[in-house]
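**Student:** okay, sequence plus prediction incoming.
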Amino acid sequence: MSRLQHRFDALRAHGRVALIPFLTAGDPKPEETVALMHALVAGGADVLELGVPFSDPMAEGPPIQRACERALKHGITLADVLALVADFRRADGDTPVVLMGYLNPLEVFGYARFAQAASEAGVDGVITVDIPPEEADEYRRVLGEYGLDPVFLLAPTTTEERIARICDASQGFVYYVSLRGVTGAANLDVTEVAQRLAVVRRHTDKPVGVGFGINDAESAAQVAPIADAVIVGSAIVNRIEEYGDRPEELREILREFVAGLRHAIDGATAPKVSTA
Amino acid sequence: MSNLKSRMLPDSAGHFGIFGGTFVAETLMRPLAELREACERYLPDATFQAELDEDLRQYVGRPSPLYLAARLTARHGGARIYLKREDLNHTGAHKINNTVGQALLAQRLGKRRVIAETGAGQHGVATATVAARLGMECVVYMGSEDIRRQAINVYRMRLLGATVVPVTSGSRTLKDALNEALRDWVTNVDDTFYIIGTVAGPHPYPMMVREFQAVLGREARAQVLAQEGRLPDALVACVGGGSNAIGLFHPFIEDTGVRMVGVEAAGDGLDTDRHAASLCAGQVGVLHGNRTFLIEDAGGQIRETHSISAGLDYPGVGPEHAWLKESGRAEYVAVDDKEALEAFHELTRVEGILPALESAHALAYATRLARELGPDGVIIANLSGRGDKDVHTVAELEGIEI
C-alpha cells in the first residue's frame, strides 16, 4: 500500500480530514526548505505538497509565480528538489510528500529516470498541472512502475464523462480545483464546490482533496466538511515571501499558521462528543 | 515520409507525430473541446466560409498581390524573388486573416469577450480591430519589454478600445504574455474566447490557425501559376510561432518539388545564448499546451530569448513546424539581427517597401537563396507585415531620436 493511501485510510478511520500545505521547493532558499517542511508537519500537516519550480507556471497566481522566481534564482533543479525530499525523509519516514509542478522539467529529465529517482528519494505522488489523462498513458505507466501515485486534477468545468475518467486515472487522491482561476484567487464559492463534489463522489471512493482559494482558517473550516483533504498553498507562500529573510521566525509562523488551520479543520469535522 | 499523410495531420487529438497535443490545466479541457467541436462544425460549413471569404475580401483587402521584386532580384542576380504582400492587408500584417476567422467562431459560440497575447503588437492590433468591429470586449496581454519596444501598436490597440495589460513576470515578452492570457482564460472561461495569434498552443489552435492562414498560401500558389506558369522552387517565410510560414507552406506540402524554408531569429548569433531559434538550436519539450522544440536549459526551464524583432522573440514554435522539420519536408535556417536589419534597409531603398523586422529575416535568406538558385529560379518570400511599427526600433539602433 502506498504511503498516501495508508495515510488517507488512517485519517478516514478516525473521521479526520487531511491538511495538505504547499510550499515551493527552494523558496526562499534551498537550504531552508527541509526545515520548513518539518515545521509544516509539526503544525499538523498530514501530507506535504512540494512545488517544483518552473519558469512558466501557467496555473499559478502571483504569489506562487514569485515563489518560483525566487527559487529559480538559486538555480534549483528537479534533481535538487529530489535531494531535498531525500533529506526530509531522513527525519520523517511517515508524512507523504507529493510533488506538484509542470510537465517540461519531467520531460527533459525523462519519465523513467525521474520516477526512479523520485521513488528512491521518498516521493509518494506527483501532480502535474499540464498533463491531462488523455496525454498521460506513458507517464502513468512509468510512475506506477516505481510505486508513485499520479494525482490528477478535476476542475469546475470538467464534464461528468471526464470526471469518471480522471478519477479512474488518479491514484492516492483526486485533486479538485475549487474555482475558475489561478492559485491564490479570491473567488471561492463553497456552495458550488459542495454541489460539484457530490457529483464527483458518484464516480469515486478515492479521497478528494480540495485546493485553490483556501487561504485561512475560516475557508479551511468551510471546505473541510465536504472534502477528504484541504490544500492550502498561496497563503503559506505569502508568509514565506514576507518572512523569508528571518528563517527562525518564518518556521514558527508557518507552524502556528498550520496549527490554526488544523484546529479549524478538526473543529469543523470532529464527531460531536457529548460534554454532559 | 508520406506527404499525403502529412496533409491530413494533425490526428484527432492534435498530434503531428510526437508533436502537438493538449497539455493544459484541467479547467481548459472543456473550452478546448467546445472549440474543437466548433471547428468541426463551422470550418467545413459553406455559410461560414462564405462569410469569412466576404470579410477577407471586403474588410482585410484580400487577395494580397504576389509582387515581383524586380530591382531586388536584379541586385542579387539570381532567382526571381516574388513577395507575398501580406503587409498590404488591413492592419498591416497576415495576423488579421486569423483574427477575422476566430472572431467569427467566437460569435457563433456566443462569447462577448476576447483576449489575446501579443509580441510585436500586430496580433494584438488585429484582435482589437475585429473586436471593435464586432462590438466585443477585448483584453490584450503584452510583455512590458515589448510595450516599450512597440509603443505605436500599444496606442493603436488602445484607440481601438482594447485594454492592454502589461505583463511584468518572467522575461516580460511574448511567452509571458501567453502565460498571462492562459491565466485570464482559466479565470473567465465561461464568457471568454482566447484568440491565439500563432500556430502554437493546445489543439485545436495549431490546426485552426493554419486553416485561417492557409488562404495566403492558396492565393500565392494560384498567383505564381498564373504569373510564372509554374510552381516556385522555394518558399521562404520567417518563423517565430510560425503562423505566416504555415499559411504559406501548407497548400504546397504535396508539391514535393517546392522547397519550404522557415527562417528563425538568430539574434546575436546561434553560437551565443541570445537568439530565438527553437528549431535550429532547441530541444523537444512541452510548453503552452503542446510538445514542440523549445529553447530551454538542461533542467527544462524555459530560457529567455532575444531577437531584434518582438514577433520572433518566442522560445517555442508551432508543433507542425516541428513535424515538418523532423519529417524533412521543410528546412529551417536562422538569420541574425544584423542581417535582418540590412534586409530591412535594402527592401526599403530598392523597392520602396518598408518590411516588418520579422519579415526582414525571410527577405535576408531569400536573397541568399536567390543567388544560390541562379537566374532560372523562382522564390516566393512572405512579406508577412509592414515595418512602420519598427521605425522607432531601427532609429534607436542608429542613434536617431524621433
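**Tutor:** Yep, it's here.

**Student:** quick one: buried residues of the helix or strand hosting residue B:146?
**Tutor:** Taking DSSP states H and E as the criterion, residue B:146 maps to helix B:144-149. Buried residues in helix B:144-149, counted by 16 or more other Cβ atoms under 10 Å in any protein chain shown: B:144, B:145, B:146, B:147, B:149. (Each C-beta comes from the backbone N, C-alpha and C, glycine too.)

**Student:** would you list the residues you listed in CSV and tack on distance to residue B:167?
**Tutor:** CSV is the format used below for those (distance: Cβ to Cβ, whole Å):
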residue, distance to residue B:167
B:144, 6
B:145, 9
B:146, 9
B:147, 9
B:149, 14
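
**Student:** make TSV out of those and add pLDDT.
**Tutor:** Output for the buried residues of helix B:144-149, formatted as TSV (pLDDT from 0 to 100):
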residue	pLDDT
B:144	92
B:145	84
B:146	86
B:147	91
B:149	77
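
**Student:** returning to that earlier point: now do the helix holding residue B:146: which elements does it pack against?
**Tutor:** strand B:163-167 (3 or more Cβ pairs under 8 Å, 6 or more residues apart in numbering or on different chains; DSSP states H and E).

**Student:** CA atoms of the strand it packs on as PDB?
**Tutor:** Output of strand B:163-167 as PDB, limited to C-alpha atoms (Å, rounded to 0.1, in the frame of the first residue of the first chain):
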ATOM      1  CA  THR B 163      -7.400  47.100 -22.700                       C
ATOM      2  CA  VAL B 164      -3.600  46.400 -23.000                       C
ATOM      3  CA  VAL B 165      -2.300  44.700 -19.800                       C
ATOM      4  CA  PRO B 166       1.400  44.900 -19.300                       C
ATOM      5  CA  VAL B 167       3.000  41.600 -18.200                       C
END
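
**Student:** now do the strands in chain B.
**Tutor:** Counting by DSSP state E, chain B has strands at residues B:15-16, B:19-23, B:66-68, B:80-85, B:113-118, B:137-143, B:163-167, B:192-194, B:234-238, B:259-267, B:283-287, B:289-294, B:330-336, B:378-383.

**Student:** chain A: strands as residue ranges?
**Tutor:** Using DSSP E, strands in chain A cover A:18-24, A:48-51, A:97-101, A:125-128, A:149-151, A:153-154, A:174-177, A:208-211, A:229-232.

**Student:** looking at these, which is nearest to residue B:216?
**Tutor:** strand A:125-128 (37.5 Å; Cβ to Cβ).

**Student:** any idea of the mean pLDDT in the closest one?
**Tutor:** Averaging pLDDT along strand A:125-128 yields 98.

**Student:** now do stretch B:88-102
**Tutor:** pLDDT averaged over stretch B:88-102 gives 97.

**Student:** likewise stretch B:170-182?
**Tutor:** Confidence over stretch B:170-182 (mean pLDDT, whole number) is 91.

**Student:** shaky segments in chain A?
**Tutor:** Scanning chain A for pLDDT under 70 picks out the ranges A:271-276.

**Student:** so which residue is dead centre in it?
**Tutor:** residue A:49 (3.5 Å; Cα atoms, centre = their mean).

**Student:** roughly how far apart are that residue and residue A:129?
**Tutor:** 12 Å (Cβ to Cβ, to the nearest Å).

**Student:** give me the common contacts of those two.
**Tutor:** residue A:100 (Cβ atoms under 8 Å, 6 or more residues apart in numbering or on different chains).

**Student:** just how off-centre is stretch B:216-230 within its chain?
**Tutor:** Relative to its chain's centre, stretch B:216-230 lies at 21 Å (Cα atoms, centre = their mean, to the nearest Å).

**Student:** ok, now which ones touch the closest residue to residue A:43 other than its chain neighbours?
**Tutor:** If the residues on either side of it in the chain are set aside, residue A:43 comes closest to residue A:258, at 2.9 Å by Cβ to Cβ, 6 or more residues apart in numbering or on different chains. When contacts are counted by Cβ under 8 Å, 6+ apart, residue A:258 touches A:19, A:21, A:39, A:40, A:43, A:44, A:45, A:236.

**Student:** can I get these in a markdown table with neighbour count?
**Tutor:** Output for these, formatted as a markdown table (neighbours: other Cβ atoms under 10 Å in any protein chain shown):
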| residue | neighbour count |
| --- | --- |
| A:19 | 26 |
| A:21 | 29 |
| A:39 | 22 |
| A:40 | 26 |
| A:43 | 22 |
| A:44 | 17 |
| A:45 | 27 |
| A:236 | 26 |
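
**Student:** residue of the stretch 101-250 of chain B nearest chain A, please.
**Tutor:** Scanning the stretch 101-250 of chain B for the residue nearest chain A gives residue B:187, at 4.2 Å (criterion: Cβ to the nearest Cβ).

**Student:** show me where chain B dips below the pLDDT cut-off.
**Tutor:** B:1-7.

**Student:** my read is that residue A:200 contacts residue A:173, right?
**Tutor:** No - the pair residue A:200 and residue A:173 does not pass the contact test of Cβ atoms under 8 Å, sitting 11.5 Å apart.

**Student:** and for the helix holding residue B:146, what are the contacting residues?
**Tutor:** B:118-121, B:154, B:164, B:166-168, B:171-174, B:177, B:310, B:313, B:392-393.

**Student:** tell me which of those fall in helices.
**Tutor:** Applying DSSP state H to the contacts of helix B:144-149, the entries found in helices are B:154, B:174, B:177, B:392, B:393.

**Student:** show me what contacts the second one?
**Tutor:** Spelled out, it's residue B:174. Per Cβ under 8 Å, 6+ apart, neighbours of residue B:174: B:117, B:118, B:119, B:143, B:146, B:240, B:310, B:311, B:313, B:314.

**Student:** residues touching the third one, list them.
**Tutor:** Residues touching residue B:119, when contacts are defined by Cβ under 8 Å, 6+ apart, comprise B:142, B:143, B:146, B:173, B:174, B:177, B:240, B:310, B:311, B:312, B:313, B:314.

**Student:** so what's the residue count around residue B:34?
**Tutor:** 15 (other Cβ atoms under 10 Å in any protein chain shown).

**Student:** verify the stated contact: the residue of the stretch 101-250 of chain B closest to chain A with residue A:177.
**Tutor:** No - using Cβ under 8 Å, residue B:187 is not in contact with residue A:177; the gap is 11.8 Å.

**Student:** coming back round to it: who wins for most neighbours among the ones in helices among the contacts of helix B:144-149?
**Tutor:** Most surrounded of these: other Cβ under 10 Å gives residue B:174, at 32 neighbours.

**Student:** nearest residue to that one other than its sequence neighbours?
**Tutor:** residue B:119 (3.5 Å).

**Student:** could I get the phi/psi values of the one you found?
**Tutor:** When read as degrees, to the nearest 10, the backbone of residue B:119 gives phi -100, psi -80.

**Student:** isn't residue A:123 up against residue A:84?
**Tutor:** No - the pair residue A:123 / residue A:84 is not scored as a contact, 10.4 Å apart, by Cβ under 8 Å.

**Student:** who has more neighbours, these two?
**Tutor:** Neighbours were tallied for residue A:123 and for residue A:84 using other Cβ under 10 Å; the higher tally belongs to residue A:123 (27 against 21).

**Student:** that one and residue A:228, how far apart?
**Tutor:** 21 Å.

**Student:** where do the helices of the stretch 151-276 of chain A begin and end?
**Tutor:** A:160-169, A:190-201, A:217-223, A:234-243, A:247-269 (DSSP state H, counting those that start in this stretch).

**Student:** residues touching the fourth one, excluding its own?
**Tutor:** Taking contacts as Cβ under 8 Å, 6+ apart, the residues outside helix A:234-243 that touch it are A:21-24, A:27-28, A:36, A:40, A:61, A:63-64, A:66-67, A:70, A:183-184, A:214-216, A:249-250, A:253-254, A:257-258.

**Student:** hmm, residue A:134 is touching residue B:15, no?
**Tutor:** No - with contact defined as Cβ under 8 Å, residue A:134 and residue B:15 do not form a contacting pair (10.7 Å).

**Student:** if we can go back for a sec, the residue nearest to the centre of chain A bridge partners, please.
**Tutor:** According to DSSP bridges, the residues that bridge with residue A:49 are residue A:22, residue A:98.

**Student:** since that was my last question, I'll sign off now.
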